[in-house]
Each structure stands twice: as C-alpha cells, then as structure tokens.
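Engineer: Just need the structure, nothing else, for what follows:
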Amino acid sequence: MKENIAKQKTLSSFRQIDDNIWSLVYENDYGLDELLTKGVGNIMDAVLFLQKKVRTAIMPNPAHGGFACSTFNARTPEGNYLLGRNFDYKKAPCTVCWTAPEKGYKSVSIIDTTFFIHGTEHFSLKNAKKHHRVMGAPYMAMDGINEKGLSIAVLEIKSKATKQDTGKKPIITTVAIRAALDKCATVDEAVELFSEYDMHDSIFINYHYQLADAEGNSAIIEYVNNKMHVIRQNEKNENLALTNYFLTEGGDNHDGRGYDRYSRIKKTLRKSDGIITENSAMTLLSECVLDYTHKLLKHPVITLWSAVYNCSEKSVLLCAGMDYEKKYRLSVDRPGEIIAAE
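Structural biologist: Got it, this is the predicted structure:
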C-alpha cells in the first residue's frame, strides 16, 4: 500500500515547466543497494531489475550516436566551487529529477527525456504516466549534485567500450552515477566507489566522467584498455576540463572530437585564473554548444541543457534547449521547485 502511494505521488509530480524542461519528484524506493549487491553487467540486467522493483522496463542506452558534451570546474569570486556541464544529444526536452532515498543522500539530477520516449515520436505526460515510463528515472541521470555538494557528469568517447573483468561486481554507467550521488560526499569517496566495481559501458561506446565537490576538489575518471585512471586537479593542472577524447596517455582517441571546445574552455579559465561567476560559466557553456544534423541518423543534435552546479550552495543554474535568455534556479533541498533566475 505504501509503495503504491509513493508511486502515485511520483507519477503525479511529473509535469512540464516549459518546452525544454520537465520536472519529477521521485518518491519510490528504487532499490539501489539491492541492485549493487546483485551487480548489473548490462542494460538488460537493469531492465529486469526495474520490471520487478518498480514495474517499468525503460532504461537508457545512449550508444546510438550524437552524444558529445563538455565539462569544467571553476571557482566563483565568493569562493564557491562550480562544475559546468553541457549535454549534447538528439534534440529533446530534459527532465529534472529529485530523489531522497532513506539510506542515501538527497540529490537532484538531469535526464534526457528521450530515455522515457524510447523510440516513440510523440511524447506526452499522459502516456508517460500511463505506461509508468518515468519509474526508472533514478537510473537515467546524466549529471547531478547531492546534498553534500558532490556533482558528477558523464561524457562520451568514440572508443572501445569498457568491460572490466577483475572479479568485482559489475556496474553500468548510469547505475554508477546514481551510486555516486546517493552514497558519496566527496570526490575521493566517489573515486573509491568507482574502483570497487568492474565497469561495463553501453554497447560500442566508452564513457568518462568529471566530478567536483564542496571542498574544491575535482577529478576525471577514464577507462583505457579496461583499466581505470584518475586525473586529479593539482597545482600544475589548473582547472580540469573534459570533452570527447582521452586525457589519459595510452588512450586511442587523443585531440579528437571536442578539442575545439576543450581549448576554448581552458583558454577562458586561464585568463581568469579559474575564477568566474555562475553567469560567466553559463556564458562559457553557451559558447561551446553543438547544433547540427547527424550524418547517419539524420536527426538534429543540439545542446539539450547547460547546467552550472554550485557545489558549495548545492544548487543548479540551468538553461535548456540552447535558450540562454531563460535561466532557471533549482536546489537539492527544494524538490519540484524550478524558478526563474536573474
């Protein structure tokens, strides 16, 4: 009975903010500890688990082209720590999702609403609620921040997918993101969590991650030839930035796609000694957008959203659909509240 009430609350909270943003407050138990204990080596493992746990079969499989993205960390003049993030993919609205697990940290994350559509051309709130498509939302996050100020974002590299086999429990990309948000307060804790599992990427594609926290730490996690590598910010490494090629030596995709965006970000941050306002961070993201038609799939690829995560304030400055005149503010501590920002 309690579970049914929570599910109905979740479904009823799903609403449209504007043409580019949807909102969801997730009330259900999504069973992260149970899933991590079982291990999840591929998308189907997660689908079968979700069918039983929350009665949905929807899970993202973001390995069909057009996935790009940019990230960087910085500091504001007031001393707050930021993670800036562009998510580039097939044109669609985004969904902002709040979670508050009983045995984990509260967080707010952002999802490509395409993952709810799962191939259909016409998406509506009515159909999404009717078919319970949003019930897999906690495992669809592409980036987010939790109540301790840890933020994380994932990016694509066109390289062989990671499939570690060291005897540890397997984990896939989106479950790792959820585990970091629910269980980790700092970058060090998140790096340790990733190291405890064998990473299994989605089909054909390799992924890497940038993290930042409220203590001013940032790190990049990459997998080269099935080995995990961590790049940390230090005195010689200035602010970290990431696009769509390996920074780790030995990777087979160097100075490739996204090098122009990476160079622009690094140049801008160097000029300001890594100190920029939230609005300046958003302006920098707006200068690194993608907007083109995919050569093979023929669908429009754009920057679905730009998010500036404030790790110190546990808040987010959000623009979606490349509309940088319309800025929104949201917070981990205010589920469902998305307000216009100055």
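
Engineer: what residue ranges in the stretch 51-200 of the chain score low on pLDDT?
Structural biologist: 57-67, 117-131 (pLDDT under 70).

Engineer: Would you map the strands across it?
Structural biologist: 70-75, 81-90, 94-99, 107-112, 143-146, 151-157, 170-172, 198-200 (DSSP state E, counting those that start in this stretch).

Engineer: Any buried residues in the second one, and which?
Structural biologist: Within strand 81-90, the residues that qualify as buried by neighbour count (16 or more other Cβ atoms under 10 Å) are Tyr81, Leu82, Leu83, Gly84, Arg85, Asn86, Phe87, Asp88, Tyr89, Lys90. To be clear about C-beta, it is placed using only N, CA and C from the backbone, and glycine gets the same treatment.

Engineer: repeat for stretch 12-21
Structural biologist: Ser13, Phe14, Ile17, Asn20, Ile21.

Engineer: Can you list the neighbours in contact with that stretch?
Structural biologist: 22-27, 93-96, 125, 128-129, 134, 304-305, 318, 320-321, 323, 326, 328, 336, 338 (Cβ atoms under 8 Å, 6 or more residues apart in numbering).

Engineer: at 6 Å instead, please
Structural biologist: Stretch 12-21 has contacts (Cβ atoms under 6 Å, 6 or more residues apart in numbering) with Trp22, Ser23, Leu24, Val25, Pro93, Cys94, Val134, Ala320, Gly321, Ile338.

Engineer: quick one: average confidence on that stretch?
Structural biologist: When pLDDT is averaged over stretch 12-21, the result is 93.

Engineer: Please apply the same query to stretch 222-233.
Structural biologist: Taken as a whole, stretch 222-233 has a mean pLDDT of 96.

Engineer: May I have the distance across that stretch, first residue to last?
Structural biologist: 14 Å (Cα to Cα, to the nearest Å).

Engineer: can you pull the buried residues of that stretch?
Structural biologist: Buried residues in stretch 222-233 (16+ other Cβ under 10 Å): Glu222, Tyr223, Val224, Met228, His229, Ile231, Gln233.

Engineer: Which members of these occur in strands, if any?
Structural biologist: Among the buried residues of stretch 222-233, the members found in strands (DSSP state E) are Glu222, Tyr223, Val224, Met228, His229, Ile231.

Engineer: any chance of these in a markdown table, with distance to Leu150 too?
Structural biologist: Output for these, formatted as a markdown table (distance: Cβ to Cβ, whole Å):
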| residue | distance to Leu150 |
| --- | --- |
| Glu222 | 19 |
| Tyr223 | 20 |
| Val224 | 24 |
| Met228 | 18 |
| His229 | 20 |
| Ile231 | 17 |
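
Engineer: In these, find the pair that's most separated.
Structural biologist: Greatest spacing in those, by Cβ to Cβ: Tyr223 and Ile231 (12.2 Å).

Engineer: hey, what's in contact with both of those two?
Structural biologist: With Cβ under 6 Å, 6+ apart, Tyr223 and Ile231 have no common neighbours.

Engineer: Tell me where this protein has helices.
Structural biologist: Secondary structure of the chain (DSSP state H): helices located at 2-13, 32-38, 43-53, 114-117, 125-130, 173-183, 187-195, 259-271, 278-286.

Engineer: Only the C-alpha atoms, please, for the first one, written as PDB.
Structural biologist: Provided in PDB are the C-alpha atoms of helix 2-13 (Å, rounded to 0.1, in the frame of the first residue of the first chain):
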ATOM      1  CA  LYS A   2       2.800   2.400   1.000                       C
ATOM      2  CA  GLU A   3       4.600   1.600  -2.200                       C
ATOM      3  CA  ASN A   4       1.500   2.300  -4.400                       C
ATOM      4  CA  ILE A   5       1.000   5.600  -2.700                       C
ATOM      5  CA  ALA A   6       4.700   6.600  -3.300                       C
ATOM      6  CA  LYS A   7       4.400   5.500  -6.900                       C
ATOM      7  CA  GLN A   8       1.200   7.600  -7.500                       C
ATOM      8  CA  LYS A   9       2.900  10.600  -5.900                       C
ATOM      9  CA  THR A  10       5.900  10.100  -8.200                       C
ATOM     10  CA  LEU A  11       3.700   9.900 -11.300                       C
ATOM     11  CA  SER A  12       1.500  12.800 -10.300                       C
ATOM     12  CA  SER A  13       4.600  15.000  -9.700                       C
END
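
Engineer: ok, back up a step: tell me which of the contacts of stretch 12-21 fall in strands.
Structural biologist: Those of the contacts of stretch 12-21 lying in strands (DSSP E): Trp22, Ser23, Leu24, Val25, Cys94, Ala320.

Engineer: Thank you, goodbye.
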